[in-house]
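Asks: pasted the sequence and its predicted model underneath.
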Amino acid sequence: DIQMTQSPSSLSASVGDRVTITCQASQDITNYLNWYQQKAGKAPKLLIYDASNLETGVPSRFSGGGSGTYFTLTISSLQPEDIGTYYCQQYDNLPRGTFGPGTKVDIK
Amino acid sequence: QVQLQESGPGLVKPSETLSLTCAVSGYSISSGYNWGWIRQPPGEGLEWIGSIYHTGSTYYNPSLKSRVTISVDTSKNQFSLKLTSVTAADTAVYYCARHGAVAATGPVDYWGQGTLVTVSS
């Protein structure tokens, strides 16, 4: 079965900082990788689909990159409303739909 | 505006069957897409459970497949989840969702608000 890992597991950064979260797959998943943001007590929200496509309505400070087994989510200038937990999700290899363990982001 | 709303019991006894329904508004399930369920145990990460197409084609997480059934009722524009033989490990917030792509497990572009189901006697 495919395994998804994320790093770091948590981070604390200042407003305006550039933040990068990585997601690694144990097998090649081409570009079938999505990123979600989940705020406390809320459902997740789709940010990036197919590795690098920005979902409609998502601020342009969010960007995604990578392919194969290594992917990144970058917030170019961290804002207070960006605090939450970020999850990657693959949908190429079995078991499809697997989420990463999450990265918790807060403000320093 | 697509909206999804979960409903069902918030407490289920061990060994019994968990049953949830997701009512969809703002979009006809018959028009397409895959509709699924995702859960999140308290304080933990997300687990994809399964999805269904409006034709009734289903795809399940292999780790839950033996206990899961997802069905669709296009006349009521809703779909449902049944999970049998539940244990405390099935305690979670259950989300219904729309997979906004061709793939049965593709990116989820619409989510329900989630409903907490606790398994306890």
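Replies: Great, that's in hand.
Asks: so what's A:T85 bridging to?
Replies: Using DSSP bridges, the beta-bridge partners of A:T85 come out as A:Q38, A:K104.
Asks: for it, grab the count of nearby residues.
Replies: Residues near A:T85, counting by other CB atoms under 10 Å in any protein chain shown, number 21. To be clear about C-beta, it is placed using only N, CA and C from the backbone, and glycine gets the same treatment.
Asks: and the residue of chain B closest to chain A?
Replies: Using CB to the nearest CB, B:W48 is the residue of chain B that sits closest to chain A, at 3.2 Å.
Asks: and that residue, backbone torsions?
Replies: phi -80, psi 130 (degrees, to the nearest 10).
Asks: what's the closest non-adjacent residue to it?
Replies: Ranked by CB to CB, 6 or more residues apart in numbering or on different chains and with sequence neighbours excluded, the top spatial neighbour of B:W48 is A:G97, at 3.2 Å.
Asks: so who does that neighbour touch?
Replies: Applying CB atoms under 8 Å, 6 or more residues apart in numbering or on different chains to A:G97 gives the contacts A:Q89, A:Q90, A:Y91, B:G36, B:I38, B:W48, B:S51, B:N61, B:T105.
Asks: again, but for B:H54
Replies: Here B:H54 is in contact with B:I29, B:S30, B:S31, B:G32, B:Y33, B:W35, B:V72, B:T74 (CB under 8 Å, 6+ apart).
Asks: buried ones only from those residues, please, as a ChimeraX command.
Replies: In ChimeraX, a selection of the buried entries from the contacts of B:H54 looks like this (16 or more other CB atoms under 10 Å in any protein chain shown):
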select /B:29,33,35,72
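Asks: inside helices: which ones of the contacts of B:H54?
Replies: Members of the contacts of B:H54 lying in helices (criterion: DSSP state H): none.
Asks: need the nearest residue in space to the most centrally placed residue in chain B, chain neighbours excluded.
Replies: When CA atoms, centre = their mean is applied to chain B, the residue found nearest the centroid is B:W37 (2.6 Å). In this structure, B:W37 finds its nearest non-sequential neighbour in B:I49, 4.2 Å apart by CB to CB, 6+ apart.
Asks: near chain A, which residues of chain B are found?
Replies: B:36, B:38, B:45-48, B:51, B:59, B:61-63, B:95, B:100-101, B:103-109, B:111-114 (CB under 8 Å from any CB of the partner chain).
Asks: can you give me the strands in chain B?
Replies: Per DSSP state E, chain B carries strands over the ranges B:3-7, B:11-12, B:18-25, B:34-40, B:47-53, B:58-60, B:68-73, B:78-83, B:92-99, B:108-111, B:115-119.
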